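**Student:** Okay, structure incoming, though there's no sequence with it:
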């Protein structure tokens with residue numbers, strides 16, 4: 001039996017997932033990376049994207065994170081997410097409507113600061129949409 005990785009994903013509101021798993025794929029700022037048990041120590045910022053957790057051959061969980069940090073230590077992997085949304089809570093139709101609203105917010109922005117915040121929200125929503133599309137093909 002292969003060693004398991006101790007994994008915790010924490011949002012500001014609560015612990016989303018705490019489990020011993022086979023592998024976790026994380027959306028690092030400098031690219032996605034996979035973590036198994038006994039991974040080298042690492043700390044990195046996250047970009048918006050899906051954390052893909054593989055518990056065993058039949059168990060897979062995907063959770064969208066909107067930024068944060070990941071730390072790999074001898075004890076395991078901890079992801080501290082700015083926001084975390086479980087895949088089953090993401091509705092593609094709702095996301096599409098939110099993207100349309102965000103595009104309007106960008107177009108209607110009266111100043112650079114407002115436009116920047118609206119653009120960041122739009123980019124995050126588009127990343128959710130892309131992540132859902134990739135997940136549906138797998």
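**Tutor:** Thanks, I have it. If you're wondering where the values come from, they're calculated on a predicted model, not measured in any experiment. Numbers count the residues shown, from 1 in each chain.
**Student:** can I see the domain layout of this protein?
**Tutor:** 5-87, 90-137 (automatic domain parsing).
**Student:** Deepest-packed of the ones you listed, please.
**Tutor:** Stretch with highest mean neighbour count among the domains of the chain: domain 5-87 (a mean of 17; mean count of other Cβ atoms under 10 Å). Placement of C-beta: from N, CA and C, glycine included.
**Student:** In TSV: the domains of the chain, plus mean pLDDT.
**Tutor:** Shown next, in TSV, are these (pLDDT from 0 to 100):
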stretch	mean pLDDT
domain 5-87	93
domain 90-137	88
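**Student:** Distance of the residue sitting furthest away from the middle of the chain relative to residue 48?
**Tutor:** Centroid-distance maximum for the chain: residue 110 at 30.6 Å, with Cα atoms, centre = their mean. Distance check for residue 110 against residue 48: by Cβ to Cβ, to the nearest Å, it reads 26 Å.
**Student:** so the residue farthest from the centre of the chain is in which element?
**Tutor:** For residue 110, there is no enclosing helix or strand under DSSP states H and E.
**Student:** Roughly how far does it sit from residue 98?
**Tutor:** Look at residue 110 and residue 98: by Cβ to Cβ, they are 21 Å apart.
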